[in-house]
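Trainee: Mind folding the following:
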Amino acid sequence: MKKTASRFLLALVCTSASIGSAVAQDTPQTTLPRIPLTAGIYQIDTQLALTPEQRQIGLMFRKEMPQQEGMLFVFEQPATQCFWMKNTILPLTAAFIEDDGTIANLADMKPQTTDSHCSTKPVRYVLEMNVGWFAKKGIKAGAKLGGKPFEVAK
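Mentor: Down below sits the predicted model:
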């Protein structure tokens, strides 16, 4: 991983490690750290799911989410990432993202299902947004997102 992104994510993991541990199993996560991301001209207010517990809960139990908001799942190593929607009420689109911010593929996911949606190649990041957000903005596989996690160290 690039030095800048690596240091940034390590700092966030350390500061957020205690945040997710007090969350009840049936309560939505609303106090995770946030960072801004960009998709072309669009700004995304992004919650970060950094620990295994935070990634496991994800957006479960959320009844609503503003259109410009999303959740970025951050994994330690690139791998084939698979997501499902058990206990998730909102219909979501998952963007499977490479280290440099390039979207490998997108998957629309139906609420409260255990259907598996996987990346087409190894990725470290998955960004979940309200279903249709990427399509409405004309953002497709191959597009590049911007923000601290995707910055190259100089």
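Trainee: Need the pLDDT of residue 129.
Mentor: For residue 129, the pLDDT comes out at 98.
Trainee: should've said residue 152
Mentor: So residue 152 comes in at 70 (pLDDT).
Trainee: cool, residue 92 as well?
Mentor: So, for residue 92, pLDDT stands at 98.
Trainee: ok, and what's touching stretch 42-52?
Mentor: Stretch 42-52 has contacts (C-beta atoms under 8 Å, 6 or more residues apart in numbering) with 9, 12-13, 16-17, 20, 29, 32-38, 54-55, 57-58, 66, 68-74, 127, 129, 137, 139, 145, 147. For glycine as for every other residue, the C-beta is placed from the backbone atoms N, C-alpha and C.
Trainee: Show only the entries of those residues found in strands.
Mentor: If you go by DSSP state E, the contacts of stretch 42-52 have 34-38, 69-74, 127, 129, 145 in strands.
Trainee: and those, which two are the farthest apart?
Mentor: Within the ones in strands among the contacts of stretch 42-52, 38 and 73 form the most distant pair, 18.0 Å apart (C-beta to C-beta).
Trainee: Distance check, residue 144 against residue 36.
Mentor: Noted for residue 144: a distance of 15 Å to residue 36, by C-beta to C-beta, to the nearest Å.
Trainee: neighbour-wise, which of these two wins?
Mentor: residue 144 (15 against 11; other C-beta atoms under 10 Å).
Trainee: Which residue or residues pair with the more buried one through a beta bridge?
Mentor: residue 102 (DSSP bridges).
Trainee: From what I see, it and residue 101 are in contact.
Mentor: Yes: at 4.8 Å, residue 144 counts as touching residue 101 under the criterion of C-beta atoms under 8 Å.
Trainee: who touches both of these two?
Mentor: Once C-beta under 8 Å, 6+ apart is applied, the residues that residue 144 and residue 101 both contact turn out to be residue 150.
Trainee: who touches stretch 106-120?
Mentor: Against stretch 106-120 from outside (C-beta under 8 Å, 6+ apart): 80-96, 104-105, 126, 131-132, 134, 140-141.
Trainee: Look at residue 78 and give its secondary structure.
Mentor: On the three-state scheme (DSSP: H, G, I helix; E, B strand; the rest coil), residue 78 is labelled strand.
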